[in-house]
Each structure stands twice: as C-alpha cells, then as structure tokens.
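Novice: For reference, the sequence and a predicted model appear below.
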Amino acid sequence: MLFSRRTPADLAENPLTRALQARDAPCVDLTVSNPTLVGLSPSEEEIREALAAPGSGSYAPHPRGMAAAREAVSEHYREHGEDVSPERIVLTASTSEAYGFLFKLIGDPGDRVLVPEPSYPLFDHLVRLEALSEMAYALRRSPMDGRWRVDFASVEQGIDAGCRALLSVHPNNPTGNFVTQDERGRIAGMLDPERHALISDEVFLDFPVEDAAGKAGVAAGASGGPLAFSLGGLSKSCGLPQMKLAWIAVGGEPAAASEALERLDLIADTYLSVATPVQLALPKLLRAGARAADRIRARLRRNLSSLDRALEALPSASRLPVEGGWSVVVRLPLPIPNRDLALLLLDVGGVLVQPAWFFNLDDEDLVVLSLLPEPAVFDEGLSRILSAFRARG
C-alpha cells in the first residue's frame, strides 16, 4: 500500500459530523473551544502592539527559542508560584508539536505510552503519527465525591507491559480533574527514572473552576525523580490559539534533565518552527493573555452557574464536578444509546454538544458541553437541551 499506517485506514466522518453537515437550519453550538470566536481573546490592538516589537527583520535562531522569550515563560511560571529557569524551557509552535518532539525523544517505533482514559482523543493521532502505540490507564469516579481519580492498578499494568512514558492531563479534558499531590507522588514513585518519563499536559492549569484541594503543581518543577515534562502555551493560557507558540518545561533528576535538553536541542534545531515575530512579542502577549485569562475564568464560572440553575428544573439530570478546564460533563438520563444522545439533541433541539463516546466516556447518558460560549448563546443552548429532554424523557 502506498500510504503509511501512521494515518488511519478509515477517514470517514463520524455520524455527528455528517448530521451537522446535512442540516439546513443553524444550530446553537455548545462545543466551541476557540476563545477568538467568543470575545475572550486579547484585543486586536493588544496583538498589534505586541507584534510591533523591533527585530522581526532579522533571524538568529536558537534550538530552544530566543532567550528573552524563554525568560518571559519563566516569569509566567514565577507569577504562578513555580520556579522553572529559562534554560529548562524549549519553545515549540504548538502543544501538538511538543508531544511530537517528546515522543521522538523517549520512544522508538513500536514503543508504548500510557494515556489517560477518558480524555481528549487527539492522543490517538499524536501517538500513531510518531509510530508509537498507546495503552490506556483509567480515570475512575470516586463513589464518595464523584471526582475522577487515577486507577493505579491500570498504571501498574501499563508499566509492566513496557510503556515508556505516562501522559497526564492536568486538569483533564473533559473530566476537569486536577492531578492531586498524592497522585503525582505515587505516579513518580512507580516510574523508573532509568526507563520512564512523565509528560504532563498543563494547558488548562490556569483555569480552576471549583475547589481542587490538594492539586499538584507544575510537573517540571520537580528537581528529582523521573524525567518530567510540562506542556503549556498561548492557545489556552492566553486565549491566543492563532499565535502558535507553546513550550516544554523540563524537570526531574538534573543529569537526566540536562541530557534530555541536549537531545531536544537536536530535535528542535531540525525544525526551528517558532517564528521570530511571535517570540519577540511573547512578553507583551503573556501580559495581555493574563487579562484574557481573567475574562475566561469569569465566563467559565458564570456559565457553570447558569447550568446549575437550569438543571434545578430537571431533577433527574445532573452534572459531574468540574475542578478545572473549559468543559463540563452533563448527565441526561434518556432511554437511548450513548452514541445517539448528541444526535438527538441536534435533531430535536437544534443544539450541538460533544458526545461522550468522543472521549471514551462509556456511560450511556453523558454529553460534554463547553463553558466558553457567550452567555446568551449558552443559555439558549441550555433552554433547547431542557426542551428536548422534556420532549423525550
């Protein structure tokens, strides 16, 4: 066959996408995850001012990124109470590219990595495109408080099966749970520093929503134990997905971290993918992004409160806890299969939600909503969901 097995054999669109394309009438979109579409990003004026920084006409690349840009990321960490020196930061064009660099660093073709389940399905493609394979470890809901926690038996199974790295999403998308300090410590204790690495996706770390007592800090802040990589970027932290700049912070045992950075230098120098103008603009973009993050946090909490008020009218429906992130998982107990619930809401209610199966959530009555939409749009979508639920419940 001509094409690589790194791309899927079946490229057909899923049933929800086909149903959406077949619609003649517009729908209310409660899946939006792009802050530029909902009035939350830094303003055009702020972006133009940042991009006006002198020096864009010259080119003096460094594998890890320009020193001033890495210092800006380090200062961003300091403002959040974390100590990550500029020398331990590598800039990339996106978090997806950061994953690609790290998979090249720690895995050979055919090696396995441990990924959380449920979680965002992008991992399927990122792992496959690097000729690796994935093995899931489970997040399970606590019967005590309904919060999602790591199932360590499944982590141990993955380690015993030879997985090279464990991926952690902190907080997870879409379940919203932060990794706790206890969980982080137990994970680090299970990983052999000679054979394993921890990759912590922390793009939503700046967005706590509800109480998350005991949450862990930045994984790369560790100065001992297994190699630890923290991923962040402008897309989520600053509401600037169009700026295409992210970063890897490297921590863990110092000698191993130093060697990892040297090897990342080779990988990053092969691509040199981060543009000069956005690196020069980074200090001002991070300042503007801090104000945007305040607006995003206010939107998340406002819409979650609106959802709670709406669910009071439906005693049989509920939502799961949201420690952090931009999504909420909602339970709508209707007598139809999981795969059909989002289709029903689109067909009957004219509202687009994310189906639970998209994230490998197996429960039959769950959907996932974004908390980013503008308030009037979010409230209209909730009204339509309630109407459709009453009509079919």
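Specialist: Structure received. Residues are numbered from 1 along each chain as shown.
Novice: now the strands for the stretch 1-150 of the chain?
Specialist: Counting by DSSP state E, counting those that start in this stretch, the stretch 1-150 of the chain has strands at residues 28-29, 89-92, 112-117, 133-141, 148-150.
Novice: can you list the residues that contact the shortest one?
Specialist: Spelled out, that is strand 28-29. Residues outside strand 28-29 that contact it (CB atoms under 8 Å, 6 or more residues apart in numbering) are 350-352, 373, 377, 380-381, 384. Every C-beta, even on glycine, is put in place using the N, C-alpha and C of the backbone.
Novice: thinking again about what came up before, could you save the strands of the stretch 1-150 of the chain as JSON lines and add columns showing distance to Leu285 and mean pLDDT?
Specialist: As requested, the strands of the stretch 1-150 of the chain are exported to JSON lines (distance: least, CB to CB, whole Å; pLDDT from 0 to 100):
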{"stretch": "strand 28-29", "distance to Leu285": "27", "mean pLDDT": "97"}
{"stretch": "strand 89-92", "distance to Leu285": "13", "mean pLDDT": "98"}
{"stretch": "strand 112-117", "distance to Leu285": "30", "mean pLDDT": "97"}
{"stretch": "strand 133-141", "distance to Leu285": "33", "mean pLDDT": "96"}
{"stretch": "strand 148-150", "distance to Leu285": "32", "mean pLDDT": "95"}
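Novice: Let's have these in JSON lines, adding distance to Gly185 and mean neighbour count.
Specialist: Formatted as JSON lines, the strands of the stretch 1-150 of the chain follow (distance: least, CB to CB, whole Å; neighbours: other CB atoms under 10 Å):
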{"stretch": "strand 28-29", "distance to Gly185": "40", "mean neighbour count": "18"}
{"stretch": "strand 89-92", "distance to Gly185": "24", "mean neighbour count": "26"}
{"stretch": "strand 112-117", "distance to Gly185": "17", "mean neighbour count": "24"}
{"stretch": "strand 133-141", "distance to Gly185": "16", "mean neighbour count": "17"}
{"stretch": "strand 148-150", "distance to Gly185": "11", "mean neighbour count": "20"}
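Novice: Can you lay out those strands as CSV showing distance to Arg78?
Specialist: CSV is the format used below for these (distance: least, CB to CB, whole Å):
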stretch, distance to Arg78
strand 28-29, 37
strand 89-92, 12
strand 112-117, 28
strand 133-141, 31
strand 148-150, 29
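Novice: Tell me which of those strands sits nearest to Gly251.
Specialist: Proximity to Gly251 (CB to CB) singles out strand 89-92 among the strands of the stretch 1-150 of the chain, at 10.7 Å.
Novice: Would you mind splitting the chain into its domains for me?
Specialist: Listed domain ranges for the chain are 15-42+290-388, 55-288 (source: automatic domain parsing).
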